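Colleague: predicted structure and sequence below. I'll ask about it afterward.
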Amino acid sequence: MQLTQQAQYNVNYITLVVFFFVSIIFVPFVVFITKFLAPHNPNEEKNLIYECGVPPRGGIFTHYYIRYYIFAFLFVLFDVEVVFLYLWAILFRNLGLQGLVEVFIFVVVLILGLAYVWKKGILKWD
């Protein structure tokens, strides 16, 4: 039996609503079940802070340099830009001269951003 376009449209929304309600019920159910099934026997050694198998040193609140976070943010930013360049390279023949000009502007802006970050000294890992 072939459904009309409106009926298929409604079926899609009904499926989405059912999935939404099942997920709302399923997640608390799983959390509730694991609360009762998981073993819970804490001791002093289990409550220690874990640092890659090495006994922790220092206090709980240690100072982290913001430079590391900025460095990681810049890595993610430029990594995402490389993905955009890869997609451009795949579609290069279809984009023509306009696509070449646009990616040239894109790369120039990236280079200017990299030069700015370099000049500010953020890329030094001291």
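Modeller: Yep, it's here.
Colleague: residue 28: neighbouring residues, count only.
Modeller: 9 (other C-beta atoms under 10 Å). (Glycine included, C-beta is placed from N, CA and C.)
Colleague: sorry, that was for residue 12
Modeller: Using other C-beta under 10 Å: residue 12 sits among 10 other residues.
Colleague: so what does it look like in phi/psi?
Modeller: Note on residue 12: backbone dihedrals following degrees, to the nearest 10 are phi -60, psi -40.
Colleague: quick check, pLDDT for the residue nearest the centre of the chain.
Modeller: Of all residues in the chain, the one closest to the mean position by C-alpha atoms, centre = their mean is residue 76, 9.2 Å from it. pLDDT recorded at residue 76 is 85.
Colleague: where does it sit: helix, strand or coil?
Modeller: Look at residue 76: counting by DSSP: H, G, I helix; E, B strand; the rest coil, its state is helix.
Colleague: now swap in residue 124 and tell me
Modeller: coil.
Colleague: all helices of this structure, in order?
Modeller: Per DSSP state H, the chain carries helices over the ranges 5-37, 66-90, 92-120.
Colleague: before we move on, back to that, how far away is the residue nearest to the centre of the chain from residue 116?
Modeller: 17 Å (C-beta to C-beta, to the nearest Å).
Colleague: residue 122 now?
Modeller: For residue 122, the distance to residue 116 equals 9 Å [C-beta to C-beta].
Colleague: which one of these two is surrounded by more residues?
Modeller: residue 122 (15 against 10).
Colleague: surely that one meets residue 67?
Modeller: Yes - judged on C-beta atoms under 8 Å, residue 122 makes contact with residue 67 at a distance of 6.4 Å.
Colleague: okay, now residue 103: neighbour count?
Modeller: 16.
Colleague: which ones are touching it?
Modeller: By C-beta atoms under 8 Å, 6 or more residues apart in numbering, the contact set of residue 103 is 85, 88.
Colleague: other SSEs contacting the helix-or-strand element of the chain with minimal mean pLDDT?
Modeller: The helix or strand with the lowest mean pLDDT-type score in the chain, counting by mean pLDDT, DSSP states H and E, is helix 66-90 (a mean of 84). Other helices and strands packing on helix 66-90, by 3 or more C-beta pairs under 8 Å, 6 or more residues apart in numbering; DSSP states H and E, are helix 92-120.
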